[in-house]
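*Asks:* Could you look at this predicted model? Sequence included:
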Amino acid sequence: DKPSLRANQKLVKSIPPGPNKQALFRHLKPLGFTGFKVSELTPSKTRRAQVANWILYYREELHGVSIEELKERRRLRQEAEAKAQEDKEEKGDTWKYPLQESY
């Protein structure tokens, strides 16, 4: 059981944060799926859901896409994040640790 657990954890880590983490729920909600109840969850059911989520992520984001296109997407995403961070710093929206200088 431990090897499948570790493999599943690596799959889940490979999905980038954001809307892709909830792909299973997003796809099943129109069909009436309301989510799992804690009492229903078992380790194998959780692993199956995580693998299904990874398959949906792969189908939407990676299937049929060349490595060059993936690299370009990453570059564009990083540039957009850097620009957003610069804009945030320009506005002064970033939190800074209160510093009391003592001389």
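*Replies:* Perfect, thanks for sending it.
*Asks:* which stretches of this protein form helices?
*Replies:* 2-14, 23-28, 43-57, 67-91 (DSSP state H).
*Asks:* Adding mean pLDDT, distance to Q100 and mean neighbour count, write those out as TSV.
*Replies:* For glycine as for every other residue, the C-beta is placed from the backbone atoms N, C-alpha and C. Formatted as TSV, these follow (pLDDT from 0 to 100; distance: least, CB to CB, whole Å; neighbours: other CB atoms under 10 Å):
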stretch	mean pLDDT	distance to Q100	mean neighbour count
helix 2-14	85	40	11
helix 23-28	84	47	17
helix 43-57	86	47	15
helix 67-91	91	22	10
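*Asks:* now the ones you listed as CSV including distance to F36?
*Replies:* CSV is the format used below for the helices of the chain (distance: least, CB to CB, whole Å):
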stretch, distance to F36
helix 2-14, 16
helix 23-28, 9
helix 43-57, 7
helix 67-91, 31
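*Asks:* wait, isn't W54 in contact with V12?
*Replies:* Yes - W54 is within contact range of V12, at 7.1 Å (criterion: CB atoms under 8 Å).
*Asks:* what is in contact with those two at once?
*Replies:* With contacts taken as CB atoms under 8 Å, 6 or more residues apart in numbering, W54 and V12 have no neighbour in common.
*Asks:* Extract the C-alpha trace of stretch 29-40 and format it as CSV.
*Replies:* Extracted in CSV, the C-alpha atoms of stretch 29-40 (Å, rounded to 0.1, in the frame of the first residue of the first chain):
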residue,chain,number,x,y,z
LYS,A,29,-21.1,19.4,-10.3
PRO,A,30,-23.3,19.9,-13.4
LEU,A,31,-24.2,16.2,-13.0
GLY,A,32,-25.4,16.8,-9.5
PHE,A,33,-22.3,15.8,-7.5
THR,A,34,-22.2,17.8,-4.3
GLY,A,35,-18.9,16.4,-2.9
PHE,A,36,-17.9,13.7,-0.6
LYS,A,37,-19.0,13.4,3.0
VAL,A,38,-16.3,12.7,5.5
SER,A,39,-18.0,9.5,6.6
GLU,A,40,-17.8,8.2,3.0
